[in-house]
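Undergrad: what follows is a predicted protein model with its sequence.
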Amino acid sequence: MYTGLRPFLFRLEPEQAHAFTLSLLRLVGVLPPLQTLVRLLYPVEQRPVLAFGLNFFNPVGLAAGYDKDGLGWRGLACLGFGHIEVGTVTPRPQAGNPHPRLFRLPEDRALINRMGFPGRGADFVARRLAGKHPPGLVVGVNLGKNKDTPLESAADDYLSGMQVFAPLADYLAINVSSPNTVGLRRLQERDALQHLLQVLVQEREPLSKRLAKPIPLLVKIAPDLTDGDLDDLLLVALDTGIDGLIVANTTIQRERLRSSLALEIGGLSGAPLTQHCLELTRQIVARSQGKLPVVSVGGIMSPADAKARLDAGAVLVQIYTGLVFSGPGLVRQIVHAIA
Ligand SMILES: Cc1cc2nc3c(=O)[nH]c(=O)nc-3n(C[C@H](O)[C@H](O)[C@H](O)COP(=O)(O)O)c2cc1C
């Protein structure tokens, strides 16, 4: 079906195409007969996984950034995802960067985005997540900071995100790796990260008791860290007791790209990340001696790519750009391939 729809979508501006797709998914999410139809069109087998204390009915998730405001997640769930990561959500609404800010690079099976966390803010998204969730679906919320929050006060933004979403989400992802918010990635440096994670882990304890449920905290990292940065980050992650890493966000590297848009500023995603994110997953699993569950994301464009991540030790995988180029059938194909 997607083979028919893709040429139409690819004739639209990338952000328009995304808005159109999301509005279809939103419609699916509110109309039960459409939900049943989509579930019938995309039947997905069960491949249960237990990760950071949560039961996933399969290891394939939707990466952050696709459903920033929680508009389409109920429809997306019908495509067979085991988990969906909503966000990045910032505490207050913000416009993001000027348009154009999303670019397709078909020759490279890649995207470049410099969205800059546009979104309607935490209160809006919280309303979108309220109510009963589809049984078995794991919903994560990816948290960020507002553009105008100084880096020194970043912890306050993540804390407020945690307070709003802990009751509504199954896990929280701390995004310190988007390249499109100035300075954000400096929060991955040892001292800054230690401070941020300590504050969050400390606050999590009473919150978790009050809600009578665990609140797994994952940290989403950049693929562009040096070996030394990565060692520091792993020490901090293990020391603070967070539950896992999401590896990785988009890259600012540009290597061997063919598209004329290759030099657009922003984060690159898709096929150019495949090999690097596989290697990074392998390295992190080895260096942390398997003590930090890894959710592997970046350039998973085919079932074979996903299988390689799981074979490398990842507990879960996520997709975004693969969905744009291959369509929603990719979820089912991956789940089927990892029998
Ligand atoms: C248009 C776009 C927007 C994104 N927005 C976010 C975001 O808000 N937060 C985040 O953590 N990652 C964001 N990402 C990164 C993805 O979640 C993912 O880490 C990255 O694209 C690599 O995976 P992929 O190659 O499967 O796309 C975005 C990616 C794209 C393409």
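TA: Thanks, I have the structure now. Note that this is a predicted model, so its numbers are computed, not measured.
Undergrad: so what's the residue of the stretch 51-200 of the chain found nearest the ligand up against?
TA: Nearest to the ligand in the stretch 51-200 of the chain, going by CB to the nearest ligand atom, is G65, at a distance of 2.1 Å. For glycine as for every other residue, the C-beta is placed from the backbone atoms N, C-alpha and C. G65 makes contacts with G87, T88, N113, M115, N142, Y320, as judged by CB atoms under 8 Å, 6 or more residues apart in numbering.
Undergrad: tell me which strands the one helix or strand the first one maps to pairs with, and in which orientation.
TA: When secondary structure is defined by DSSP states H and E, G87 falls within strand 83-89. Sheet pairing here is set by DSSP bridges, and for strand 83-89 it gives strand 60-62 (parallel), strand 138-143 (parallel).
Undergrad: what residues of the biggest helix by length in the chain count as buried?
TA: For the chain, the helix with the greatest residue count under DSSP state H is helix 190-211. For helix 190-211, the neighbour count (16 or more other CB atoms under 10 Å) marks A192, L193, Q194, H195, L196, L197, V199, L200, E203, R204, L207 as buried.
Undergrad: same for that helix, what does it pack against?
TA: Secondary-structure packing of helix 190-211 (3 or more CB pairs under 8 Å, 6 or more residues apart in numbering; DSSP states H and E): helix 154-165, strand 171-175, strand 217-221, helix 227-240.
Undergrad: still on that earlier bit, right, is whichever helix or strand comes after the strand holding G87 up against the ligand?
TA: Moving toward the C-terminus from strand 83-89, the next helix or strand (DSSP H and E) is strand 102-105. Yes - Strand 102-105 reaches the ligand (CB under 6 Å from any ligand atom) through L102.
Undergrad: chain center to strand 102-105, what's the gap?
TA: Offset of strand 102-105 from its chain centre (CA atoms, centre = their mean, to the nearest Å): 18 Å.
Undergrad: each with direction, which strands does it pair with?
TA: When pairs are called by DSSP bridges, strand 102-105 turns out to pair with strand 110-113 (antiparallel).
Undergrad: give me the contacts around whichever strand or helix holds E279.
TA: E279 is part of helix 274-287 when elements are defined by DSSP H and E. Outside helix 274-287, the residues that touch it by CB under 8 Å, 6+ apart are 223, 230-231, 234, 245, 247-248, 251, 292, 294, 296-301, 305, 308-309, 312-314.
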